[in-house]
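**Student:** Just need the structure, nothing else, for what follows:
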Amino acid sequence: MLWTPGQILKTRPFRIDTILGMGGFGMTYKATHLQLNYQVVLKTPNLSLQNDPEYANFVRRFIREGQILAKFCQNAHPGIVRISDLFEEAGLHCLVMDLIVGQSLWDTVQQRRRLPDTEAVAIIRQIGEALSDVHQAGIVHRDAHPGNIMLRPNGQAVLIDFGLANELMPTVISSKHPHNPAFAPWEQHMEGSGKPTVDIYTLAASLYYAVTGKAPTASLNRHFRNEALPPAKNFGVKDWVSLAIEKGMASEPQKRPQSMKDWLSYLREPIPKTVAGVSVQLKSAMGVDYTHLRDLLAAGKWKEADEETKKVMLQAAIGKKHGWFDWESIKNFPCDDLRTIDQLWVKYSQGHFGFSVQKKIWLEVGGKVDYDTECKRGVSLGFSLEGRKVYYDLECKLGDRVGWRKGGYWLSPNDLTYNKQAPKGHLPGYVLMRMLVRHHYGYVSSLASRAISCNL
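**Tutor:** Below you'll find the model as predicted:
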């Protein structure tokens, strides 16, 4: 049975709007709740399975998918699609899921040809962290390819389609074994493996596709025909990203990292070790003297250095040590000065503090790569309440990671931790915290965007 656009269901007040697609186990539809007027995704077993002699087994697996997702709905995970209902319509089981507004990673790469390393890694890290939680619950997704990774407009990556998910313990494997040939490891084709190393391979293959724009060599051809996988670094990808892909896509499962957490450790850009005798060039496009900031950081006087950072930033932005920033002063902050301030913090904290460290965390939590472009489109802060909430939510995630928030509340600038026991990226914090205390949400997003455009 196939539902058609315009059809109104009897069991629930949904109208079928469009057919979204057909996966290995499911048909998906976009539908509207007629009473509450909001859109959802409805998923049923697909048409071919409805005529399969093993259909009863597929239905049990389909219901199991709903139960798997329900485990994560109690403590909603932003990286996992939420399920809200399971019902039966004329003998056909149906899952009700959130409609993820955005597009898949597959379509995004098709449009843009390839993604910058930092953007792709930030997307894959979000999905990897979600899968780490999934694995701790004893579940393997087994189909985390780019078509099942949805990207919201705010940069949040969401994993969908748990139709292939299976318990870690052995189960009876059906004769039908759907998979995505370009992204599934060879053992999944042959054995239907349900180990975490399957998800590690698939996610590493998705990263390969994102940074190269090319589908990886099929694992069966690599394993049985000795066909090579062109290294990602051949496409201009950074060495550490290429290494993470190589580790995750090792042909033999035992040679891959054995947990998602272990693999994600490869997805952190290494910070070069500081050589004590090497000094940072104190460049300034505005004639600012950074020697006092350097001396404070060299002496480990973190609080005084944070206050001095505010002064020199104001001097570089508006020409005086007192006052405040506006949108234009942040958007046009001199790159030479931002880089000098950042390099000083990174050097004397041994990579623990600095704007570049905060920028990496910003991207990891789903922060936008190009905030200024979003501003021009009128989507972000200052132009709409929706944009204001998008960027505030992202700033909350950054605040949680770097220790600017506790118990869901922002700290005051005076409550920052001025030692290296503070979370990574905690400092410099005075300027940013003052912005947030004044409810200038979006300034942090804009400064992160400037750090990206200045290539910190």
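
**Student:** what's next to stretch 220-237, contact-wise?
**Tutor:** Taking contacts as CB atoms under 8 Å, 6 or more residues apart in numbering, the residues outside stretch 220-237 that touch it are 114, 117, 181, 186, 189, 208, 211-214, 216-218, 239, 241-242, 245-246, 249, 251. Using the backbone N, CA and C atoms, a C-beta is placed for each residue, glycine as well.

**Student:** Show me which of those residues are buried.
**Tutor:** Under a neighbour-count criterion of 16 or more other CB atoms under 10 Å, the subset of those counted as buried comprises 114, 117, 186, 189, 208, 211-212, 216-218, 241-242, 245-246, 249, 251.

**Student:** pLDDT wise, what is residue 117 at?
**Tutor:** Per-residue confidence for residue 117 comes out at a pLDDT of 89.

**Student:** can you pull the contacts of it?
**Tutor:** 211, 237-238, 241.

**Student:** ok, the buried ones among the contacts of stretch 220-237 vs residue 446, which is closest?
**Tutor:** Closest to residue 446 out of those is residue 117 (22.4 Å), distances taken as CB to CB.

**Student:** Residue 399 and residue 405 touch, don't they?
**Tutor:** Yes - the criterion here is CB atoms under 8 Å, and residue 399 meets it with residue 405 at 4.0 Å.

**Student:** Settle it for me: which of these two has more neighbours?
**Tutor:** For residue 399 versus residue 405, the count of surrounding residues by other CB atoms under 10 Å is larger for residue 399: 22 against 17.

**Student:** From residue 295, how far out is that one?
**Tutor:** Summarising the geometry, the distance separating residue 399 from residue 295, computed by CB to CB, to the nearest Å, is 30 Å.

**Student:** again, but for residue 270
**Tutor:** When CB to CB is applied, the distance between residue 270 and residue 295 equals 28 Å.

**Student:** How about residue 129?
**Tutor:** In this view, residue 129 and residue 295 are 39 Å apart by CB to CB.

**Student:** neighbour-wise, which of the two wins?
**Tutor:** Neighbours of residue 129 and residue 295, each counted by other CB under 10 Å, are more numerous for residue 129; the result is 19 against 13.

**Student:** Could I get the full set of strands for the stretch 1-150 of the chain?
**Tutor:** Remark: strands of the stretch 1-150 of the chain, listed N- to C-terminal, are 14-22, 26-33, 39-45, 83-89, 92-98, 103-104, 139-140, 149-151; assignment by DSSP state E, counting those that start in this stretch.

**Student:** Would you single out the least confident of these?
**Tutor:** Comparing mean pLDDT over those, the weakest stretch is strand 139-140, at a mean of 80.

**Student:** what about residue 366, which helix or strand?
**Tutor:** Element membership for residue 366 (DSSP states H and E) is empty, with no helix or strand holding it.

**Student:** quick one: contacts for it?
**Tutor:** In this structure, residue 366 makes contact with 78, 122, 126, 154-157, 394, 397, judged by CB under 8 Å, 6+ apart.

**Student:** and it, what pLDDT?
**Tutor:** The pLDDT attached to residue 366 in the predicted structure is 79.

**Student:** buried set for whichever strand or helix holds residue 222?
**Tutor:** Per DSSP H and E, residue 222 falls inside helix 219-225. By neighbour count with 16+ other CB under 10 Å, helix 219-225 contains the buried residues 219, 222-223.

**Student:** and it, how far out from the chain's middle?
**Tutor:** Using CA atoms, centre = their mean, to the nearest Å, the distance from the centre of helix 219-225 to the centre of the chain it belongs to is 30 Å.

**Student:** and if you look at stretch 236-250?
**Tutor:** The gap between the average C-alpha position of stretch 236-250 and the chain average comes to 18 Å, counting by CA atoms, centre = their mean.

**Student:** In the stretch 1-150 of the chain, mark out all the helices, start to finish.
**Tutor:** If you assign secondary structure with DSSP state H, counting those that start in this stretch, the helices in the stretch 1-150 of the chain sit at 47-50, 55-73, 105-112, 117-136.

**Student:** Give me the angle between the last one and helix 55-73.
**Tutor:** Angular relation of helix 117-136 and helix 55-73 on a 0 to 180 degree scale: 110 degrees, by axes from the mean of the first three to the mean of the last three CA atoms, to 10 degrees.

**Student:** Let me have the buried residues of helix 219-225 in a markdown table, extended by pLDDT and distance to residue 328.
**Tutor:** Rendered in a markdown table, the data for these read as follows (pLDDT from 0 to 100; distance: CB to CB, whole Å):
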| residue | pLDDT | distance to residue 328 |
| --- | --- | --- |
| 219 | 88 | 51 |
| 222 | 90 | 52 |
| 223 | 87 | 56 |
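
**Student:** For this structure, which helix or strand comes out least confident on mean pLDDT?
**Tutor:** For the chain, scoring each helix and strand by mean pLDDT, DSSP states H and E identifies strand 166-167 as the least confident one, at a mean of 42.

**Student:** which helices and strands does whatever helix or strand comes next after it pack with?
**Tutor:** Once the chain leaves strand 166-167, the next helix or strand it forms, by DSSP H and E, is helix 186-191. For helix 186-191, the packing partners by 3 or more CB pairs under 8 Å, 6 or more residues apart in numbering; DSSP states H and E come out as helix 219-225.

**Student:** Which residue ranges make up each domain of this protein?
**Tutor:** For the chain, the structural domains run 14-98, 103-169+179-267, 291-453, going by automatic domain parsing.

**Student:** First-to-last residue distance for the last one?
**Tutor:** End-to-end distance of domain 291-453: 25 Å, with CA to CA, to the nearest Å as the criterion.

**Student:** Any stretches of the stretch 201-350 of the chain with poor pLDDT?
**Tutor:** With pLDDT under 70 as the threshold, the stretch 201-350 of the chain has low-confidence stretches at 271-278, 327.

**Student:** Residue 308 reaches residue 290, doesn't it?
**Tutor:** No - using CB under 8 Å, residue 308 and residue 290 do not qualify as a contacting pair, with a distance of 9.0 Å.

**Student:** Report the spatially nearest residue to residue 316, omitting neighbours in sequence.
**Tutor:** The spatial neighbour of residue 316 that comes closest, neighbours along the chain excluded (CB to CB, 6 or more residues apart in numbering), is residue 337 at 4.1 Å.

**Student:** A helix includes the one you found, no?
**Tutor:** Yes - looking at residue 337 with DSSP: H, G, I helix; E, B strand; the rest coil, it is inside a helix.

**Student:** from memory residue 396 sits against residue 409, does it?
**Tutor:** No - under the criterion of CB under 8 Å, residue 396 lies out of contact with residue 409, with a separation of 10.3 Å.

**Student:** Of these two, give the one with the bigger neighbour count.
**Tutor:** Each of residue 396 and residue 409 had its neighbours counted (other CB under 10 Å), and the higher figure belongs to residue 396 (17 against 8).
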